[in-house]
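S.K.: With the input below, show me the fold.
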Amino acid sequence: NTRKESVVQNHIRSVAPPCQDISKVERLRARAESVFCPACKPQFPTGKERWGDYFRYVCHLIEHSYVFREIPRGSFVPLKYDYLKRFIPARELPLLLACLHGEGLVECDYQKRVGIKCYGYRLGPEIHDVGWTKDKLSDLDLIRKRLKYYLELEKSVTYPVDLHLLEWLEVVELDPGAVTAALETEDPDSSSYAVASIMDKSWFFSMSRYGRIYHNVATLSRSLRPYLRIHGKPIAWIDVANSQPLFLGILSLIRELNPDYRALFEALASDKKLPRGRKYVSLDAALRPKPRGGSVAARRKTGEGIGQGVGEEGVGEESITAHRGPKTFSGEGFASEKLICKDLSRYLGLCSQGLIYERLMEISGESDRDRMKVRLYNSVLFCGDIRTPLFIAIEKEFPTVAATIREMKGIQDNALIHALTRLEASMIYDRIVRRVMDENHSRIGRDAFIPILTIHDAVGTTPEHLDWLRGVVKEEFAELGFNVTVKG
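M.R.: Residues are numbered from 1 along each chain as shown. Have a look, this model is predicted:
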């Protein structure tokens with residue numbers, strides 16, 4: 001034990017920057033030693049005892065993917081060979097995986113497409129029904145490699161908004177008594193690891209290529225979120241009614257108002273990062289582009305200036321001068337505004353009121369609101385073939401919105417979801433969270449800070465700051481011209 005501690009401590013000193021908070025590094029060291037794995041101790045060949053740690057780590061990666069990557073439980077989890085080689089020696093990895101598969105401990109789908117899909121793994125039949133437990137690794141080399149990896153992850157979080165969210169995430173706690181009692185009614189497989197990671201402060205913080213941030217709180221079961229605490233206080237959540245349909249309306253509005261919308265659409269839909277290293281899209285600039293002369297319709301026909309929004313000026317460059325659209329969308333919308341089509345104005349008005357699903361129910365004959373939401377996602381937004389009854393109804397009622405859907409689907413099947421996610425991230429993180437961050441900076445040495453957390457399109461804080469945060473959300477949308485309905 002003494003040798004183990006000295007080796008890890010020496011590694012901390014060698015990889016940690018001089019200004020690194022040693023308490024944080026100690027926390028990462030504890031995380032590097034810990035795994036969440038099946039409560040079993042399989043036997044491995046003589047001289048391969050370290051394979052026990054490798055087995056537990058592979059199981060930990062599978063469970064981690066189910067919880068934090070939202071992969072359906074029981075499905076094969078893609079694990080890249082190059083990633084596994086960072087932690088398991090390359091000369092032993094093929095033999096290990098073959099041994100685990102042969103013993104029924106881990107199954108492989110053996111389906112691989114170069115550049116598209118790697119092999120997938122899941123728990124094998126021998127341990128499928130075994131309970132899970134928190135365990136400690138003993139292999140020093142594996143612990144060192146994991147510690148180095150976690151330190152690199154911490155160092156990679158450099159964007160001010162991300163850092164601010166991470167700082168608040170690190171003070172989140174769970175009410176131990178209440179959550180233990182609640183776990184008795186929860187599925188232990190889907191909740192135990194998520195709860196344990198928060199209790200142990202093993203923070204997971206990652207941003208997808210489309211801007212959405214994933215972390216421990218975002219993956220916690222909805223029924224367990226009432227037991228979250230910041231400085232002993234509960235967290236209250238709010239979100240915008242009809243947010244995804246609203247962002248679809250904003251995308252349609254960009255198509256109507258921005259002559260360079262095609263280049264912007266392609267950037268939003270891309271699997272790659274935004275041009276010029278930008279993390280978010282400037283919604284102000286996208287909705288209020290610099291006029292270049294001529295109508296939007298004429299610009300579309302001639303193609304004049306198409307592509308300059310990305311190439312010359314960057315996506316949503318802040319320096320673009322404003323060309324303001326309608327002041328606000330509420331009630332029946334501003335159909336009198338000549339800048340946009342009447343059906344789009346009406347659609348945005350319904351979204352702002354939180355009534356778009358009710359209207360979709362009327363035109364599609366659906367009687368259940370929850371089923372209506374599922375149908376919108378499955379048969380329009382997520383669907384590759386949009387020739388569905390619901391899309392036909394939308395095309396008849398809101399032709400401008402339907403045209404936007406068709407154009408995005410023409411880029412690629414997932415283009416619309418990628419674009420909506422990027423617009424959501426730009427609003428939530430680059431406007432709302434940034435506003436809270438700036439407010440906290442102004443309160444240094446003066447007032448108590450305002451906690452802020454996010455779960456995709458929802459934002460949370462402690463109860464005494466909820467009204468202020470609700471006002472911030474409404475003001476940020478109002479600056480873009482939308483009088484939204486805030487729930488919570």
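S.K.: For residue 192, which non-adjacent residue is spatially closest?
M.R.: residue 132 (5.9 Å; Cβ to Cβ, 6 or more residues apart in numbering). Glycine gets a C-beta too; all of them are placed from N, C-alpha and C.
S.K.: how close does residue 281 sit to residue 251?
M.R.: Noted for residue 281: a distance of 11 Å to residue 251, by Cβ to Cβ, to the nearest Å.
S.K.: Next: residue 354.
M.R.: Between residue 354 and residue 251 the computed distance is 19 Å (Cβ to Cβ).
S.K.: What are the buried residues along stretch 370-380?
M.R.: Of the residues in stretch 370-380, those with enough neighbours to count as buried (16 or more other Cβ atoms under 10 Å) are 372-373, 375-376, 379-380.
S.K.: repeat for stretch 472-481
M.R.: Of the residues in stretch 472-481, those with enough neighbours to count as buried (16+ other Cβ under 10 Å) are 472-474, 476-477, 480-481.
S.K.: ok, so of the buried residues of stretch 370-380, who is nearest residue 66?
M.R.: Nearest to residue 66 among the buried residues of stretch 370-380 is residue 373, at 24.1 Å by Cβ to Cβ.
S.K.: hang on, the earlier thing: looking at residue 354 and residue 251, which is more packed in?
M.R.: When residue 354 and residue 251 are compared for neighbours, residue 251 comes out ahead with 24 against 18, by other Cβ atoms under 10 Å.
S.K.: That one falls within a strand, correct?
M.R.: No. Per DSSP: H, G, I helix; E, B strand; the rest coil, residue 251 lies outside any strand segment and is helix.
S.K.: Please read off the pLDDT at it from the model.
M.R.: Among the per-residue scores, residue 251 shows a pLDDT of 93.
S.K.: Would you check how far apart it and residue 152 are?
M.R.: Here residue 251 is placed at a distance of 35 Å from residue 152 (Cβ to Cβ).
S.K.: Number of residues surrounding residue 355?
M.R.: Residue 355 has 14 neighbouring residues, counting by other Cβ under 10 Å.
S.K.: how about it, what does it touch?
M.R.: With contacts defined as Cβ atoms under 8 Å, 6 or more residues apart in numbering, the neighbours of residue 355 are residue 242.
S.K.: Tell me the spacing between it and residue 453.
M.R.: The span separating residue 355 from residue 453 equals 28 Å under the rule Cβ to Cβ.
S.K.: Nearest residue to residue 207 in space, ignoring adjacent ones along the chain?
M.R.: Taking Cβ to Cβ, 6+ apart as the measure, residue 207 lies nearest to residue 213, with 5.1 Å between them; neighbours along the chain are not counted.
S.K.: quick one: the one you found and residue 204 touch, right?
M.R.: No. Between residue 213 and residue 204 there is no contact, the gap being 10.6 Å when judged by Cβ atoms under 8 Å.
S.K.: In stretch 58-73, which residues are buried?
M.R.: 58-68, 71.
S.K.: Then stretch 77-90?
M.R.: For stretch 77-90, the buried set under the neighbour-count rule, 16+ other Cβ under 10 Å, comprises 77-79, 84, 87-88.
S.K.: Among the residues you listed, which lie within strands?
M.R.: Counting by DSSP state E, these place 77-78 in strands.
S.K.: From the buried residues of stretch 77-90, pick the one nearest residue 217.
M.R.: Taking Cβ to Cβ as the measure, residue 217 lies nearest residue 77 of those, at 22.0 Å.
S.K.: how much space between that closest one and residue 68?
M.R.: Between residue 77 and residue 68 the distance, using Cβ to Cβ, works out to 11 Å.
S.K.: ditto for residue 391
M.R.: Distance of residue 391 to residue 68, given as Cβ to Cβ: 33 Å.
S.K.: now swap in residue 288 and tell me
M.R.: Using Cβ to Cβ, one gets 38 Å for the distance from residue 288 to residue 68.
S.K.: do the same with residue 196
M.R.: From residue 196 over to residue 68 (counting by Cβ to Cβ), the distance is 13 Å.
S.K.: Contacts for stretch 461-473, please.
M.R.: Residues outside stretch 461-473 that contact it (Cβ under 8 Å, 6+ apart): 230-231, 233-236, 238, 240, 432, 435-436, 450-453, 459, 484, 486, 488.
S.K.: ok, now which residue in the protein is the farthest from the centroid?
M.R.: residue 46 (43.9 Å; Cα atoms, centre = their mean).
S.K.: ok, back up a step: which of the buried residues of stretch 472-481 fall within helices?
M.R.: 472-474, 476-477, 480 (DSSP state H).
S.K.: wait, is residue 237 part of a strand?
M.R.: Yes. Under three-state DSSP, residue 237 falls within a strand.
S.K.: Burial check on it, number of neighbours?
M.R.: Residue neighbour count, defined by other Cβ under 10 Å, stands at 19 for residue 237.
S.K.: Might you report the residue contacts of it?
M.R.: Listed by Cβ under 8 Å, 6+ apart, the contact set of residue 237 reads 225, 455, 458-460, 488.
S.K.: hmm, which two among these are most spread apart?
M.R.: Maximum distance among the contacts of residue 237 (Cβ to Cβ): 13.2 Å, for 225 and 459.
S.K.: out of these two, which sits in the more crowded spot?
M.R.: For residue 225 against residue 459, the residue with the higher neighbour count under other Cβ under 10 Å is residue 459, and the figures read 26 against 17.
S.K.: Averaged pLDDT, the helix or strand hosting that one. What do you get?
M.R.: Mapping residue 459 onto the secondary structure by DSSP states H and E places it in strand 458-461. Taken as a whole, strand 458-461 has a mean pLDDT of 95.
S.K.: same check, this time on stretch 147-161
M.R.: Per-residue pLDDT values across stretch 147-161 average out to 85.
S.K.: in it, what's buried?
M.R.: 147-148, 150-151, 154, 161.
S.K.: and what of stretch 97-107?
M.R.: Buried positions in stretch 97-107, judged by neighbour count with 16+ other Cβ under 10 Å: 97, 99-100, 105-107.
S.K.: give me the low-pLDDT residue ranges for the chain?
M.R.: Across the chain, the stretches falling below the confidence threshold (pLDDT under 70) are 1-23, 186-190, 274-278, 289-340, 445-447.
S.K.: try it again with 50
M.R.: Counting by pLDDT under 50, the low-confidence segments of the chain come to 1-20, 292-327, 330-338.
S.K.: Which stretches in it count as strands?
M.R.: Under the criterion DSSP E, the chain contains strands at 34-38, 77-78, 106-108, 120-123, 132-136, 172-174, 205-207, 213-215, 228-230, 233-234, 236-240, 453-455, 458-461, 486-487.
S.K.: returning to what we had before: starting from residue 203, give me the distance back to the residue nearest to residue 192.
M.R.: As judged by Cβ to Cβ, residue 132 and residue 203 stand 20 Å apart.
S.K.: What is the burial count for the closest residue to residue 382 other than its chain neighbours?
M.R.: Nearest in space to residue 382, with sequence neighbours left out and distances taken as Cβ to Cβ, 6+ apart, is residue 417 at 6.4 Å. Here the neighbour count serves as a burial measure; for residue 417 (other Cβ under 10 Å) it reads 16.
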